[in-house]
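Visitor: I would like to see how this sequence folds:
(2 chains)
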2 protein chains.
Amino acid sequence: MPIKKLYGGIEAGGTKFVCVVAGGPDHIVDEIRFRTTAPAETLGRAIQFFQPFVAQGQVSAIGVGAFGPLDLNPESSTYGCITATPKPGWSNANVLGTLQQALQTSIVLDTDVNVAGLGEYKWGASKGYDPSLYLTIGTGIGGGYIKDGKALIGLLNPEMGHLRIPHNRELDPFPGNCPFHGDCFEGLANGPAIEKRLGVAGAVVPEEDPFWDIEADYIASALMNYILILSPKKIILGGGVMQREFLFPKIRRRVRKLLNGYVSSKSILENIEKYILPPGLGNQSGSLGAIALAMQMDEGDSDPRI
Amino acid sequence: MPIKKLYGGIEAGGTKFVCVVAGGPDHIVDEIRFRTTAPAETLGRAIQFFQPFVAQGQVSAIGVGAFGPLDLNPESSTYGCITATPKPGWSNANVLGTLQQALQTSIVLDTDVNVAGLGEYKWGASKGYDPSLYLTIGTGIGGGYIKDGKALIGLLNPEMGHLRIPHNRELDPFPGNCPFHGDCFEGLANGPAIEKRLGVAGAVVPEEDPFWDIEADYIASALMNYILILSPKKIILGGGVMQREFLFPKIRRRVRKLLNGYVSSKSILENIEKYILPPGLGNQSGSLGAIALAMQMDEGDSDPRI
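Guide: Here you go, the predicted structure:
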C-alpha cells in the first residue's frame, strides 16, 4: 500500500481552533482542539502542534480556514490578516504571515465558510456536486460557494450572510442586530438574534415555539435568493442554529412555497430533502476542508484560489 | 494583414432578433434585424441570413443568446428548447435543433443575459474584469455572471431577477406583477410594473417623480445582494428601464448607503461610479456577445458552457 501524503489543516474559529494532520477523512493522524484566546498565544499553540510534522517533512502543505473579515487580496499590504473584527486583540492579526514565518512551509488561507464548503464538496454531503453551496447559520451567517472545484472569491470574499430579505415586521417587530445593516438576513436570523428576541438560547427554545416558522421563513428567503443567483446543485446548512434538526423540513417546505414552481428542476420540485442537507462531515467540515485546501495547493503547486 | 475569422451571432429576443456576421466589434460584415413573430418564420429568417455564409465556409461557429426560459441541460430531451413561456407559439420551440438541422454547423446557445454579459466582458464596460455581472432591467429582469471567462450555469441557468427583497409597502402599496412571486425584484421593478403603478411608460415619467427613488431602492437592494453573494468586479446595468440615465447616480448612492461600509473595497467606497456602469457596447451587448460565445466554442472546440 502506498504511503498517503499528509497535510495540515487549521479551522481557525472565533471560539475554538482545530488543528489536524491528515491524508483525508479516513486517515487522521493527529488532532488538537483549543479555545481561541489572544492571537500570539493561539497561533503559537497551532505552530507548536505542527512544528514536529513540518520538521520531519511529514506535511506537504497547510490549509487554514479562518474567521474574518479577512484580507484575501494577494496584492494588498495586509494580505492574510484579519481586518476589523469586534473580537478583542484580533484586528489586524497576521494569521498567514505568522504561520508562514514560524513554519516555513506552504500555507494557504481562506475564509472558514469557503473552506468548509470545500470539505463538504470533496468528502461530504455535496461530494462531486459542482456548483454547490455551504452555509453556516450560527453566531454569524456566511456562505462558501464552490464552482469548478474552487471556492469563489471575487472583488473580495463573499459575505452572503448580510443579504437584504423581506422582514416580517407584523409578526416579528425585532429590529435586527446587525451593527451594519440592522435587519439583514444575519441581523434577523443568527443565534444572538434568536436569543435577544426570546430571552433564551435557540438551543433550548421548544420545537413548538411559533418563532421557528419565522426563522425558517428568513432562512428560506435567503436560500431562494442563493438558488436564483448561484444555481447550486446542493445546499449544505451547518452552524449552531441548524443543530435544531426540525428546521430542515420547515425550511425545505418554505423554499418550495416561495419559489412556487419557478425553478423547474427535479432536485427542487421532487427531491428537495436531498437538495438542502446537513453537513456530511458533521463538525469536521472546517478542519477537513482545510486539509482539502492544502491538497489543492499542493497539487496545483500554487494558491488554488487565484 | 491576416484574414480575421468570422462568426455568426444571434440575439434572439422576445421582441426582435438581431443576426450578425462578424469577427469582433470593429469587424461587422453583415447585420439584420427583424421582429420576433412565430418560431418557424423567425428562425427561418435567421437561417436564410446565415445560409450563404455557412455554404461558403465563411463562419466558423454561430452563437445564440435567447430569451427564455431555456432548457440548457445537454442531457435533457428538450435541450436547446424554450420551455414554458407566455410568448404565444414559443413554448417548446426547439431553437438550437432547428438552427443546427438547417445550417449544419457548430451552434451554441445560452441565455440572452449570459451572452450579453460575455459580450461586455470580452469587449465592453467590464472588459477583463473577472468575475463580473451583467443585469438587464426592462420588460423582464435577469442577470449573467461571468466567472473564469465563462457565463455561470449551475443546476439551471440563474434567474436572478426573481430575488426576494424588502418591499416598501408604506410608500409603495403596489402588490407586484410577477405571476410566480408577486413582489419579487422583477415584480416590483420591471418596466410593466412601473407602467401599472403610474399609468404611463417609465420612458415618459419625469425625472422629478418621487417614484424613481423607490425604483432605485429596489434596484440597489438587489445589487447589494448580488455584491454580497457574487462579489463581482464590475456591474453592468442594461435594459429599457436603465435608459433613464439619471437612475445610475441614484442607484450608486443607495447601494453605498445600504452596504454601509461593510464591503471595504475601494471600488465601492471610492469609485462606485466606475463600478456600476451602463453597457459599453450600447444595444449590441447581445449580438456581439453571441459572437463572443461562438468564438469561445470555436477556440475550445466544444460547448464552452460545460
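Visitor: switch to C-alpha atoms for all contacts and neighbour counts from now on
Guide: OK.
Visitor: Give me the phi and psi for residue A:103.
Guide: The phi/psi pair for residue A:103 (degrees, to the nearest 10) reads phi -100, psi -20.
Visitor: Can you report how many residues neighbour it?
Guide: Neighbours of residue A:103 under the rule other Cα atoms under 10 Å in any protein chain shown: 19.
Visitor: check contacts around it.
Guide: Residue A:103 sits next to A:47, A:50, A:51, A:54 when contact means Cα atoms under 8 Å, 6 or more residues apart in numbering or on different chains.
Visitor: what about 7 Å?
Guide: By Cα atoms under 7 Å, 6 or more residues apart in numbering or on different chains, the residues touching residue A:103 are A:47, A:51, A:54.
Visitor: if I look at it, how far off is residue A:299?
Guide: 20 Å (Cα to Cα, to the nearest Å).
Visitor: For the stretch 51-200 of chain A, what lies in contact range of chain B?
Guide: A:131, A:154-160, A:163-167, A:180 (Cα under 7 Å from any Cα of the partner chain).
Visitor: Please pick the buried ones from the residues you listed.
Guide: Neighbour counting by 16 or more other Cα atoms under 10 Å in any protein chain shown classes A:131, A:154-160, A:163-167 among these as buried.
Visitor: is it possible to export those residues to JSON lines including distance to residue B:145 and pLDDT?
Guide: Output for those, formatted as JSON lines (distance: Cα to Cα, whole Å; pLDDT from 0 to 100):
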{"residue": "A:131", "distance to residue B:145": "14", "pLDDT": "98"}
{"residue": "A:154", "distance to residue B:145": "11", "pLDDT": "92"}
{"residue": "A:155", "distance to residue B:145": "13", "pLDDT": "91"}
{"residue": "A:156", "distance to residue B:145": "16", "pLDDT": "89"}
{"residue": "A:157", "distance to residue B:145": "16", "pLDDT": "90"}
{"residue": "A:158", "distance to residue B:145": "14", "pLDDT": "93"}
{"residue": "A:159", "distance to residue B:145": "17", "pLDDT": "93"}
{"residue": "A:160", "distance to residue B:145": "16", "pLDDT": "96"}
{"residue": "A:163", "distance to residue B:145": "18", "pLDDT": "97"}
{"residue": "A:164", "distance to residue B:145": "20", "pLDDT": "98"}
{"residue": "A:165", "distance to residue B:145": "21", "pLDDT": "98"}
{"residue": "A:166", "distance to residue B:145": "24", "pLDDT": "98"}
{"residue": "A:167", "distance to residue B:145": "27", "pLDDT": "98"}
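Visitor: Bridged to the nearest residue to residue A:143 once chain neighbours are set aside, which residues?
Guide: In this structure, residue A:143 finds its nearest non-sequential neighbour in residue A:135, 4.3 Å apart by Cα to Cα, 6 or more residues apart in numbering or on different chains. Applying DSSP bridges to residue A:135 gives these bridge partners: residue A:143, residue A:237.
Visitor: helix/strand/coil for the closest residue to chain B within the stretch 151-300 of chain A?
Guide: Closest approach between the stretch 151-300 of chain A and chain B, counting by Cα to the nearest Cα: residue A:166, at 4.1 Å. For residue A:166, the assignment made with DSSP: H, G, I helix; E, B strand; the rest coil gives coil.
Visitor: Also residue A:20?
Guide: Assignment for residue A:20 (three-state DSSP): strand.
Visitor: For residue A:228, give me its contacts.
Guide: B:158, B:159, B:160, B:162, B:163.
Visitor: And for residue A:292?
Guide: Per Cα under 7 Å, 6+ apart, neighbours of residue A:292: A:118, A:119, A:122.
Visitor: Name the residue closest to the centre of chain A, please.
Guide: Closest to where the C-alpha atoms of chain A average out (Cα atoms, centre = their mean) is residue A:113, at 2.1 Å.
Visitor: Can I take it that that residue is in a helix?
Guide: Yes: assessed with three-state DSSP, residue A:113 lies in a helix.
Visitor: what does the least confident helix or strand in chain A by mean pLDDT rub up against?
Guide: Within chain A, no helix or strand scores below helix A:266-269, which has a mean of 90 by mean pLDDT, DSSP states H and E. Helix A:266-269 has contacts (Cα under 7 Å, 6+ apart) with residue A:275.
Visitor: and what of stretch A:201-209?
Guide: Against stretch A:201-209 from outside (Cα under 7 Å, 6+ apart): A:191, A:194, A:195, A:241.
Visitor: So which of those are in strands?
Guide: Using DSSP state E, the subset of the contacts of stretch A:201-209 located in strands is empty.
Visitor: now, which of those residues sits nearest residue B:261?
Guide: The closest of these to residue B:261 turns out to be residue A:191 (Cα to Cα; 23.4 Å).
Visitor: can I assume that closest one is in contact with residue A:243?
Guide: No: checked against Cα atoms under 7 Å, the pair residue A:191 and residue A:243 is beyond contact range at 11.2 Å.
Visitor: And these two? Which one has more around it.
Guide: Each of residue A:191 and residue A:243 has its neighbours counted (other Cα under 10 Å); residue A:191 has more, 22 against 16.
Visitor: measure the more buried one to residue A:182 for me?
Guide: Applying Cα to Cα to residue A:191 and residue A:182 gives a distance of 15 Å.
Visitor: how far does stretch A:85-92 sit from the chain's center?
Guide: Chain-centre distance of stretch A:85-92: 19 Å, with Cα atoms, centre = their mean, to the nearest Å.
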